[in-house]
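K.L.:
quick one: sequence and predicted model below, then my questions.
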Amino acid sequence: MGTRRSLSATAGAITVALVTAVVLAASTLTAAATGGSTTTFRHYVALGDSYTSGPLIPLPRLDPVGCVRSTSNYPALLAHKLRVHTYTDVSCGGADTGDMTSPQEVFLGPNPPQFDALRPHTDLVTVGIGGNDHGVFGSLVGTCPGLRAEDPTGAPCREHFTEDGVDTILAKISDTRRNVTEVLRGIHERSPRARVLLIGYPRIAPETGYCPNVLPFAEGDYAWLNEVERALNAALENAAAADGDTTYVDTFGPSRGHDACQPRGTAWVNGQHRKLLAAAEYHPYLTGMRGVAGVTYAQLR
């Protein structure tokens, strides 16, 4: 998830930090990529946005830099655990459902259409997409923090996006389901033998409590942020059900107690501050990638 503008800035930060990342990331990769499997997947393709690509999690890939794609994201960890024969990760920060079939312009890009990686012999596909459609999550993180001061105990961001009694963010998400259903249809057309898993988004805000230094939202908007995430994940789950040949992987439930308000090492998702060699703002840590990989691996078993 996240806006394309913020991801361009992130790409620049990666370029500055790359040499340091190369040195520090080897031990991270070794610790992260553990486990094994006797499954027989031969060609695994990972599609998705920045919640798949893993911006600022070492070690960054350069193909292209602007996709902020980590070699320690959940597809990489999952591929290692499954011991797949070949593995292709084309996830890209800022991607939406349209970038499955069209090139995505990024820093030192473009990133080719993600569907270009699919083959008739592909037998496993994971896809994490939808949060950037209609700029949903970019609108939230770009707007809500600036509204907190005017009503810190209320829900000014929810009110901002409510027009004539209609929650415009939730209205946009209803269209996301149709877009994701089309993505799943396109995957099956190109890789008819593949097992397809649609990966949901982990929680950002806690069920109760507040941490304004980490998540600078008004108190009432915490509940609304959870409502938006639940609606987005429900849209994905419904898309998988409508498709009939895709497994939805819930990460929102398993990430309970791992929201951005939790301590580093427990939280799956970072808060408002960019952390070089750890996570972009409002994006997963390595801890989160391990969590999502574990949930997905359990689903496959």
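P.N.:
In hand now; what should we look at? Residues are numbered from 1 along each chain as shown.
K.L.:
got a pLDDT number for the nearest residue to T162 once chain neighbours are set aside?
P.N.:
Leaving aside its sequence neighbours, T162 sits nearest to T168 (CB to CB, 6 or more residues apart in numbering; 7.1 Å). The way it works is simple: take the backbone N, C-alpha and C, and place the C-beta from them, glycine included. Note for T168: predicted pLDDT of 97.
K.L.:
same question, R301
P.N.:
88.
K.L.:
what about the protein, any weak spots by pLDDT?
P.N.:
For the chain, the stretches flagged by pLDDT under 70 are 1-39.
K.L.:
give me the most central residue, it.
P.N.:
In the chain, the centroid-proximal residue (CA atoms, centre = their mean) is Y51; its distance is 1.7 Å.
K.L.:
coming back round to it: I'd say the residue nearest to T162 and H160 touch.
P.N.:
No. If you go by CB atoms under 8 Å, T168 and H160 don't touch, sitting 9.4 Å apart.
K.L.:
just to revisit the earlier point, hang on, the residue nearest to the centre of the chain in a helix?
P.N.:
Yes. According to DSSP: H, G, I helix; E, B strand; the rest coil, Y51 belongs to a helix.
K.L.:
that one is in contact with G128, isn't it?
P.N.:
Yes. Proximity of Y51 to G128 meets the contact threshold set by CB under 8 Å, at 5.5 Å.
K.L.:
overlap of the contact sets of those two?
P.N.:
Shared contacts of Y51 and G128 (CB atoms under 8 Å, 6 or more residues apart in numbering): Y201.
K.L.:
neighbours around G98, how many?
P.N.:
Close neighbours of G98, defined as other CB atoms under 10 Å, add up to 15.
K.L.:
do you know how far it is from E105?
P.N.:
12 Å (CB to CB, to the nearest Å).
K.L.:
what of D221?
P.N.:
Distance from D221 to E105, by CB to CB: 32 Å.
K.L.:
got it, and V180?
P.N.:
With CB to CB as the criterion, V180 and E105 are 22 Å apart.
K.L.:
repeat for Y210
P.N.:
According to CB to CB, Y210 and E105 sit 37 Å apart.
K.L.:
again with N233
P.N.:
28 Å.
K.L.:
and for Y282?
P.N.:
22 Å.
K.L.:
D221 and E105 - which one has more neighbours?
P.N.:
The neighbour count for D221 versus E105, taken as other CB under 10 Å, is higher for D221 (29 against 13).
K.L.:
what's near enough to touch the closest residue to the more buried one other than its chain neighbours?
P.N.:
Closest residue to D221 in three dimensions, ignoring its sequence neighbours and counting by CB to CB, 6+ apart: C157, at 4.5 Å. Listed by CB under 8 Å, 6+ apart, the contact partners of C157 are 140, 143-144, 147, 217-218, 221, 224.
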